[in-house]
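*Asks:* Just need the structure, nothing else, for what follows:
(2 chains)
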Number of protein chains: 2
Amino acid sequence: MEKVNIGIIGFGNIGSGVVKLLKKNSSLIKERTGIEICTRKIADINFKKNRGIKIDKKILTRDAREIIDDPQIQIVAELIGGIHPAKEFIINSLKKGKSVVTANKALLAQEGQEILKTALENGQDIYFEASVCGGIPIIKTIREAMLANRINYMAGIINGTSNYILSRMEEGLTFKQALIYAQKKGVAEKKPSLDIEGIDAAHKLAILGSLIFDIPLTFKNIYSEGISSLTPMDLKFAKEFGYTVKLLAIAKEDKGNFQFRVNPALISAKHPLATVRDEYNAVYIKGDAVGKMLFYGKGAGQSPTASAVLSDIIDIARNLKFETCGRITPITYYKKSYNVIPIQQLKGLYYLRIMAVDKPGVLAKISNILGEHNISIASVFQKGRNKAEAVPIVMMTHEAKEKDISEAIKKIDKLPAIKGNTVRIRVEE
Amino acid sequence: MEKVNIGIIGFGNIGSGVVKLLKKNSSLIKERTGIEICTRKIADINFKKNRGIKIDKKILTRDAREIIDDPQIQIVAELIGGIHPAKEFIINSLKKGKSVVTANKALLAQEGQEILKTALENGQDIYFEASVCGGIPIIKTIREAMLANRINYMAGIINGTSNYILSRMEEGLTFKQALIYAQKKGVAEKKPSLDIEGIDAAHKLAILGSLIFDIPLTFKNIYSEGISSLTPMDLKFAKEFGYTVKLLAIAKEDKGNFQFRVNPALISAKHPLATVRDEYNAVYIKGDAVGKMLFYGKGAGQSPTASAVLSDIIDIARNLKFETCGRITPITYYKKSYNVIPIQQLKGLYYLRIMAVDKPGVLAKISNILGEHNISIASVFQKGRNKAEAVPIVMMTHEAKEKDISEAIKKIDKLPAIKGNTVRIRVEE
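*Replies:* Residues are numbered from 1 along each chain as shown, chains lettered A, B, ... in the order given. A predicted model of the protein is given here:
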């Protein structure tokens, strides 16, 4: 029986989940791998919160250096999140000859290149399955199972909070009501902006985009829009056109030009992503050999994330057993530069909702502006009649340029008969 | 640059697909892994068929021994299918110190234990991702990504041909019409019985069941039923009850007792498997840590299967690069024995369709028989009225024993007012 010692930095929700899961299933893991995973030390600045597990107090420390400097510890799990001191803990662990497992998407999306380079230089592994889509093994799938494929498209529902809120909005709640409900259910944080504004999804997209396209992608090259301006009315209209609205993270390649964006999107009700509801995540991905694939599961939560952390630990433990760190190289990108298409240059179909006072000639004025910007309408309907208040005019366009759409909306919104801002949602095919 | 030599036995649809994919994406694979995969020899008994690729004739041979005996070849891909001589080719390759990749589900389901044992004894790897669900990396997911999970449930649509036929039957075709259509489209074979009678799915289930439950499962312990007795009428009625009919491969564990079966099943229209259409495959699986997961993709076809074969070859090549064969042990089961619940002892919900002449008292007689067998009805409807011909009576039961259902059906079918055999479809929750 091989024995591998791990140190856990961060004994919060995920860290304690890993310890719990290891307690529960360590005999199973031993039987399946011949490896015993021993938790040698756990570091945190505060152990007051009851984590619901009995731990020998001798293995607890308030000083992460006790883990980083311990020559007996072979794998460090960084589970504190945030940029500092997580980055320093990881870098120092790698330099001390330890492999690292992390769930820290923000850090990898922003400073990933330096971290991966440090792992490579020190001959250590760094695995980060838990950083994207919790329990869904999407990173392993891309780095191993789809390795013989050229991938040119990926669209994912990779933020569970947003998807949960959208699921509630489909049932008629407003964004605010749905957010409060999600917070009560523990699906949204008190400060929800990272999730609802698409930032968290953009962090994960930076990691996935780098892996699928072999490029050193960083977070700053990703366009992101959140869901806070959506209304249940738009979700209802989308449904009438045969679509569902989802917050998608999209990566596309076309002849060496890349698109990376997080935005609410209309997708056909028949699309495999359309039935992904509540806090579930799913990644839809196309390989040139394997075709269309979908991976679905829980993208967050203590136990699914702990499962991903532990599978990474076991993967590295297997590498340690055979002295093969670097079996999967930490730096998976070989292309040095890449061209990202600015959002204004994109082309696509659009859903537009314009709030207009119901007067003769309004639709003609709108149509004229759209025509001037080379935007042609595939279908349009106007809901209700109300001389006093504005009523929604809903349109689906044919293919149009983002820049033209933006300029047309600006002009439309200046018309006297138009109330409020026009809502524009991209259609994803 | 590491160089790994492979030999391919079987230059049919899959074998030529692997060679094509390797030609297309070998530079990509080199960049991503630092490994060059070289096809050193290809064996087949017949090279007359045009495979659409240019091959140096010097690497072709009609004698598989030229591959098995070649000391330069490190990995053998067995892609001829069938039991003999595929088994001997694999065993001899392992004994000669070569690792093996195979797509041969029938062989693994029937003689897998001997083959895995030979690999273990000879310190070689045997990988078989392509044997189950083509391009979906379900084996890698179970053996690596879900390793820290105890799995107690799996349900899969793992036969593309059947699923394609059922998709056409949902549109109104009879089974025979749908089969002929599938054959024309190249989705069903001329001799389709392996696919439509559930045998192919049972082969795959034997492989997956062994992996998820750590047991030496073989094909003969799996109950299987096909789709040939289903009618479009049943699919329509199922839909009216809010269900979809799919051919499912099911593995369940309850306190050390196992169920393994392939049968048509009613699943809720909201189940993640319900929207898997046409020739697509999907596996739905529950882990105690990770929760519910779904993996969706093409389960067959030249290019998806080649993708799986090649990802296995690369995995082994990575092991060879570091001299770590056995990193994932060939024998993944540690439990020596297991108890399979006989089909007649199962409990569940059932859909029943009884064809009865529309006479007073018939429903009462049927109800009496069901009552005598402890079967209670959740809902029932009778379609149409026709004094001359039999009309369908459709029922959904509450939980009942399979044995009771079988016996009740026997009695019901003997009633003078009953025409034809009663159709019984299990409901999967």
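
*Asks:* Tell me the residues of the stretch 251-400 of chain A that contact chain B?
*Replies:* Applying CB under 8 Å from any CB of the partner chain, we find that the stretch 251-400 of chain A lies next to chain B at A:270, A:272, A:275, A:282, A:287-298, A:301, A:303-304, A:306-308, A:310-311, A:314-315, A:318-319, A:321-324, A:327-329, A:332, A:334. Placement of C-beta: from N, CA and C, glycine included.

*Asks:* same thing but 6 Å
*Replies:* For the stretch 251-400 of chain A, the residues found near chain B under the criterion CB under 6 Å from any CB of the partner chain are A:275, A:289-291, A:293-298, A:303-304, A:307, A:310-311, A:314, A:318, A:322, A:324, A:327, A:334.

*Asks:* Let's see which of these end up in strands.
*Replies:* Here DSSP state E is the test, and those give A:291, A:293-298 as lying in strands.

*Asks:* Nearest to A:Ser228 among those residues?
*Replies:* Comparing those against A:Ser228 with CB to CB places A:Lys298 closest, at 23.8 Å.

*Asks:* got the contact list for the closest residue to that closest one other than its chain neighbours?
*Replies:* Once its chain neighbours are removed from consideration, A:Lys298 has its nearest residue in A:Pro304; the separation is 4.1 Å (CB to CB, 6 or more residues apart in numbering or on different chains). Residues counted as contacts of A:Pro304 (CB atoms under 6 Å, 6 or more residues apart in numbering or on different chains) are A:134-135, A:298, B:290-291.

*Asks:* Mind doing that once more with 7 Å?
*Replies:* With contacts defined as CB atoms under 7 Å, 6 or more residues apart in numbering or on different chains, the neighbours of A:Pro304 are A:134-135, A:297-298, B:289-291.

*Asks:* Distance check, it against A:Phe237.
*Replies:* Counting by CB to CB, to the nearest Å, the gap from A:Pro304 to A:Phe237 is 34 Å.

*Asks:* Over to A:Leu415?
*Replies:* For A:Leu415, the distance to A:Phe237 equals 21 Å [CB to CB].

*Asks:* more crowded one of the two?
*Replies:* In this view A:Leu415 and A:Phe237 are compared by other CB atoms under 10 Å in any protein chain shown, and A:Phe237 has more residues nearby, 23 against 15.

*Asks:* Can you say which helix or strand has the more buried one in it?
*Replies:* For A:Phe237, the element it lies in under DSSP states H and E is helix A:232-240.

*Asks:* so what secondary structure elements neighbour the helix or strand just after that helix?
*Replies:* With elements assigned by DSSP H and E, the helix or strand that comes after helix A:232-240 is strand A:243-254. With contacts defined as 3 or more CB pairs under 7 Å, 6 or more residues apart in numbering or on different chains; DSSP states H and E, the secondary structure elements packing on strand A:243-254 are strand A:151-157, helix A:160-170, helix A:199-213, helix A:232-240, strand A:257-268.

*Asks:* winner for burial among these?
*Replies:* Comparing the helices and strands packed on strand A:243-254 on average neighbours per residue, with mean count of other CB atoms under 10 Å in any protein chain shown, the densest one is helix A:199-213 at a mean of 26.

*Asks:* any residue of that one up close to chain B?
*Replies:* No - Helix A:199-213 lies apart from chain B when judged by CB under 7 Å from any CB of the partner chain; the minimum separation is 9.9 Å.

*Asks:* the inter-axis angle of that helix versus strand A:151-157?
*Replies:* Helix A:199-213 and strand A:151-157 meet at an angle of 160 degrees, taking axes from the mean of the first three to the mean of the last three CA atoms, to 10 degrees as the criterion.

*Asks:* Tell me which residues are up against helix A:199-213.
*Replies:* The contact list for helix A:199-213, computed with CB under 7 Å, 6+ apart, reads A:105-106, A:108-109, A:112, A:131-132, A:138-139, A:142-143, A:151, A:154, A:158-159, A:194, A:216-219, A:222, A:224, A:247, A:249, A:251, A:253, A:258, A:260, A:262, A:332-333.

*Asks:* likewise stretch A:290-302?
*Replies:* Residues outside stretch A:290-302 that contact it (CB under 7 Å, 6+ apart) are A:13-14, A:17, A:133-136, A:138, A:141, A:146, A:149, A:158, A:160, A:272, A:276, A:279-286, A:304, B:135-136, B:272, B:290-298, B:304, B:307.

*Asks:* Over to stretch A:58-66?
*Replies:* Counting contacts by CB under 7 Å, 6+ apart, the residues touching stretch A:58-66 from outside are A:9, A:39-43, A:45, A:47, A:89.

*Asks:* Out of those, flag the one nearest to chain B.
*Replies:* The shortest gap between chain B and any of the contacts of stretch A:58-66 belongs to A:Thr39, at 13.5 Å (CB to the nearest CB).

*Asks:* Which one of the helices and strands packed on strand A:243-254 lies nearest to A:Ile80?
*Replies:* Put simply, out of the helices and strands packed on strand A:243-254 the one that sits nearest A:Ile80 is helix A:199-213, at 15.9 Å, with distance taken as CB to CB.

*Asks:* quick one, the closest one and helix A:160-170 angle?
*Replies:* With the same axes, to 10 degrees defining the directions, helix A:199-213 sits at 120 degrees from helix A:160-170.

*Asks:* Please work out which residues outside the helix or strand following helix A:199-213 touch it.
*Replies:* Later in the chain than helix A:199-213, the nearest helix or strand by DSSP H and E is strand A:223-224. Counting contacts by CB under 7 Å, 6+ apart, the residues outside strand A:223-224 that touch it are A:198-199, A:201-202, A:260-262, A:343.

*Asks:* How about stretch A:364-376?
*Replies:* A:354, A:377, A:393, A:397-398, A:400, A:404-405, A:407-408, A:411-412, A:415.

*Asks:* Just the buried subset of these, please.
*Replies:* In the contacts of stretch A:364-376, burial by neighbour count holds for A:354, A:393, A:397, A:400, A:404-405, A:407-408, A:411-412, counting by 16 or more other CB atoms under 10 Å in any protein chain shown.

*Asks:* Columns pLDDT and secondary structure on top of those, output as CSV?
*Replies:* Compiled in CSV, the buried ones among the contacts of stretch A:364-376 are given as follows (pLDDT from 0 to 100; DSSP: H, G, I helix; E, B strand; the rest coil):
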residue, pLDDT, secondary structure
A:Ile354, 96, strand
A:Ile393, 95, strand
A:Thr397, 97, strand
A:Ala400, 98, strand
A:Asp404, 98, helix
A:Ile405, 98, helix
A:Glu407, 98, helix
A:Ala408, 98, helix
A:Lys411, 98, helix
A:Ile412, 98, helix
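
*Asks:* Relative to A:Thr118, which of these is nearest.
*Replies:* Looking across those and measuring by CB to CB, the closest to A:Thr118 is A:Ile405, at 43.4 Å.

*Asks:* ok now do that closest one, which residues does it touch?
*Replies:* Applying CB under 7 Å, 6+ apart to A:Ile405 gives the contacts A:350, A:375, A:424.

*Asks:* The closest residue to the first one other than its chain neighbours pairs with what?
*Replies:* In space, A:Tyr350 comes closest to A:Thr397 once its chain neighbours are excluded; the distance is 4.6 Å by CB to CB, 6+ apart. For A:Thr397, the beta-bridge partners under DSSP bridges are A:Ile377.

*Asks:* Could you give me the ChimeraX selection string for whichever of the residues of the stretch 251-400 of chain A next to chain B are buried?
*Replies:* For anyone working in ChimeraX, the buried entries among these, judged by 16+ other CB under 10 Å, can be selected with:
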select /A:275,289,290,291,293,294,295,296,297,298,303,304,307,310,311,314,318,322,324,327
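
*Asks:* picking that back up, so which of the helices and strands packed on strand A:243-254 gets nearest A:Ala77?
*Replies:* Going through those one by one, with CB to CB as the measure, helix A:199-213 comes closest at 17.4 Å.

*Asks:* relative to strand A:257-268, how tilted is the closest one?
*Replies:* Inter-element angle recorded for helix A:199-213 and strand A:257-268: 120 degrees (by the same axes, to 10 degrees).
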